[in-house]
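Q: here is the input, now give the coordinates:
(chains A and B)
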Amino acid sequence: MPNTKTAVPFQGTKEQEEQLRRIIAEYKDTPGATMPILQAAQSIYGYLPEEVQIIIAEELDVPLSEIYGVASFYAQFTLNPKGKYRISVCLGTACYVKGAANILQAIKDKLGIEAGGITPDGLFSLDACRCVGACGLAPVMMINDEVYGRLTPKEVGPILDKYKE
Amino acid sequence: MAIIRSHIMVCTGTGCSASHSPKLIDLFNKELAAAGMDQEVKVVRTGCFGLCAMGPIVLIYPEGALYTNVKEDDVKEIVSEHIVKGRIVERLLHKESDEKGVTTSLTDTEFYKHQKRIALRNCGIINPENIDEYIGVGGYEALGKVLTEMKPQEVIDLIKASGLRGRGGAGFSTGQKWQYTHDAVSPDGQKFACCNADEGDPGAFMDRSVLEGDPHSVIEAMAIAGYAIGASQGYIYVRAEYPIAVKRLEIAIQQAKEYGLLGENIFGSGFSFDVGLRLGAGAFVCGEETALMHSIEGCRGEPKIRPPYPAVKGLFDRPTVLNNVETYANVAWIINNGPEAFRAMGTEKSPGTKVFALGGKITNTGLVEIPMGTPLRTIIENIGGGVPNGKKFKAAQTGGPSGGCIPANLIDIPMDFDSLGAIGSMMGSGGLIVMDEDTCMVDIAKFFLEFIIDESCGKCTACRIGTKRLHEMLDKITKGQGTLEDLDRIEELCQYIKANALCGLGQTAPNPVLSTLTHFRDEYVAHVVDKRCPAGVCKELLTYTIDPDKCKGCTLCARNCPAGAITGKVKEAHVIDPDKCIKCGVCMSNCKFDAISKK
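A: Numbers count the residues shown, from 1 in each chain, chains lettered A, B, ... in the order given. Model (predicted):
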């Protein structure tokens, strides 16, 4: 499972921590606060390293294991940093029957990483996801918020090259 | 107020947005301003029209001209020709694939003709970010009627009389569910009316389109449910992967609060109701009701044993009603039009309509809403425009990872809860994936199991380990190492998982395997006995060959082969060495003479 403790050193800033503590204070008394707080924390830091989980556990006064349990359960939360460009290849059914597996393979070949991995320069990270809901455009991949539809394996290389510049 | 003579409706659902439809809106506004017509022509941002394959979609009223595949460069022409001169731009009009002529009106198309839009009634018609437009088409009338004229029990009786069944998959009676929650006693009086918008079935986007195109219809129905069961608080649990839907829900909730349609003392009736939004975090199992509630509570989304059912002990241990988005989208319509009108559509046991997300190997991928009981053939051949590229229809898959497939010989099956259940599939939430002769059914069964293995929460052994073992056996088969005994073992394990898994997702996880095994046993046997994949999908079982009559000896394949498996002289037929071939398919996709085939 790629979602284990990261080797990348934590580089959070004071401002980020203040922002996080503010958000925790805001949600603290709402029932079921853990999820919204983790979602906010991930959007502040880009991922959920141990240091961040400790802050949340202390502020909410719950065991760290509970925070870790939730953070590691949901696919959206990541304990590893992501690349500057996050590639998600849709492996939903509609995309799958239209050859999404070949698209994923073409990206793996091009970047030399597996799904869940990140290129050594930190530029690209690759994930397989389940359905972005653009089934009319199958097969589909997303790079950050940009959607690329009706893909063929041949188109993948030139698209990725655009981001390298 | 300016008199608007023409409306330009631009779809901004996820499909069309991904094809840059929001950019079109900016361009239309710019061009209209340049032509001095921005006061008389209005550009409306709408929800999904359903014809996602043809996006971006632009519909211009009063003519009802339907333009498809509109590019940024086309905007200028549409404004200067259609809007300024009143001449419809023929070349951009939607063309029915099977007819020569052009259709100008939406309702004339084969795609819409067979549909009956209830849950999607406002999608593509109103601006979902403007509550006035929803009110303009009769929105919040049902809530007003319920709060001022009806008792909670009368509301429940009315929903029961309509025969509405949950659209999330299982098809449980909605009125009955409300009754149980109404009757349950809460220790502190608090109950909840929640909405399941965690549409995790891959290849399904019905709920997303309702939320994006008509969010108020869900909010209104939740308030009605809240009144019926005695809840003052509701939650919508929506996938975080649907950013447009989340944004429109936030806007809609805010607007409803400003108008006093949510909050304290609605319509002066003394009834108060508030809706909170909770974002999912990418866990399929959270579509299961008890797991979803755990997730709202801030825990891992693991299901728990029922009973007690959520109607008795649900969210924060209080009685809770949880309905799916599409179910809610029907509620206000039923109250406004009466249960008889609803029962007039569909079949006796499955009244009303159902929305399907049509995808896969079909010409018109998109969203369709049909009366229950419509034959599958109508959906595939008429609405869907058939299977493209002259291929043969092989099967349709419904219900996603919990459902099964409908083989070609059952294409006339009526699409309703009971008929689908009888052949080992299920209605599911409405994903309908069409497969043609190039789809391998063993591979598809394996695909769904991979999904389940990824998404299993791990709480019960039957699902956590059982699906893994099933996958291993299927993997063996697709690699040509399976035996006939494996097929029996697979069936036995499927039955075991069905009987012993803790939640609905685990219990239905073997369905894709069982149903392909029932309807396509030949294909499994071909993999096992003949070591052959009839659809040409399973890599390990394929052999690539060059037809010596077609090969011109251009050497392209030999030069591109990464394994050096192809040999031959210039202008002479080439040969593939099967021992060296790694079956990557590069030769076949590069051959200009169609001389290479796989079997």
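
Q: state the distance from residue B:34 to residue B:73.
A: Plainly put, residue B:34 is 15 Å away from residue B:73 if you go by Cβ to Cβ, to the nearest Å. C-betas here are computed from N, CA, C, even on glycine.

Q: so which of the two has more stuff around it?
A: Counted by other Cβ atoms under 10 Å in any protein chain shown, residue B:34 and residue B:73 do not tie: residue B:34 has more neighbours, with 12 against 8.

Q: and stretch B:548-565, C-alpha only, in CSV?
A: These are the backbone C-alpha positions of stretch B:548-565, laid out as CSV (Å, rounded to 0.1, in the frame of the first residue of the first chain):
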residue,chain,number,x,y,z
PRO,B,548,0.7,-12.9,-45.9
ASP,B,549,-1.8,-11.8,-48.6
LYS,B,550,-2.4,-8.4,-47.1
CYS,B,551,1.2,-7.7,-46.0
LYS,B,552,3.1,-5.4,-48.5
GLY,B,553,6.4,-5.8,-46.7
CYS,B,554,6.7,-2.2,-45.8
THR,B,555,8.8,-3.2,-42.7
LEU,B,556,7.0,-0.7,-40.5
CYS,B,557,6.0,-3.3,-38.0
ALA,B,558,9.4,-4.9,-37.8
ARG,B,559,11.1,-1.5,-37.2
ASN,B,560,8.6,-0.7,-34.4
CYS,B,561,8.5,-4.0,-32.6
PRO,B,562,10.2,-3.5,-29.2
ALA,B,563,10.9,-7.2,-28.9
GLY,B,564,12.5,-7.8,-32.3
ALA,B,565,9.9,-10.5,-32.9
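
Q: near chain A at all, it?
A: No - Stretch B:548-565 does not reach chain A (Cβ under 8 Å from any Cβ of the partner chain); its nearest approach is 10.1 Å.

Q: for that stretch, what is the distance to the chain centroid?
A: 43 Å (Cα atoms, centre = their mean, to the nearest Å).

Q: same question for it: list its buried residues.
A: Of the residues in stretch B:548-565, those buried under the neighbour-count criterion (16 or more other Cβ atoms under 10 Å in any protein chain shown) are B:551, B:553-554, B:556-558, B:561, B:565.

Q: which stretches of chain B have low pLDDT?
A: Judged by pLDDT under 70, chain B has its weakly predicted residues at B:1, B:96-105.

Q: can you do 50?
A: Chain B contains residues with pLDDT under 50 at B:97-98, B:100.

Q: and the residue of chain B closest to chain A?
A: Chain A sits closest to residue B:52 of chain B, with a gap of 2.7 Å, by Cβ to the nearest Cβ.

Q: quickly note the distance from that residue to residue B:403.
A: For residue B:52, the distance to residue B:403 under the criterion Cβ to Cβ works out to 21 Å.

Q: give me the more crowded residue out of these two.
A: A direct count of neighbours by other Cβ under 10 Å for residue B:52 and residue B:403 places residue B:52 higher, at 31 against 27.

Q: for the spatially closest residue to that one that is not a sequence neighbour, which residues are in contact?
A: Closest residue to residue B:52 apart from its sequence neighbours, by Cβ to Cβ, 6 or more residues apart in numbering or on different chains: residue A:136 at 2.7 Å. Contacts here follow Cβ atoms under 8 Å, 6 or more residues apart in numbering or on different chains; on that basis residue A:136 touches A:149, B:15, B:52-53, B:55, B:359, B:365-366.

Q: mind running it again at 7 Å?
A: Contacts for residue A:136 (Cβ atoms under 7 Å, 6 or more residues apart in numbering or on different chains) come out as B:15, B:52-53, B:55, B:365-366.

Q: so what's the residue of chain B closest to chain A up against?
A: Shown in contact with residue B:52 (Cβ under 7 Å, 6+ apart): A:135-136, B:15, B:365-367.
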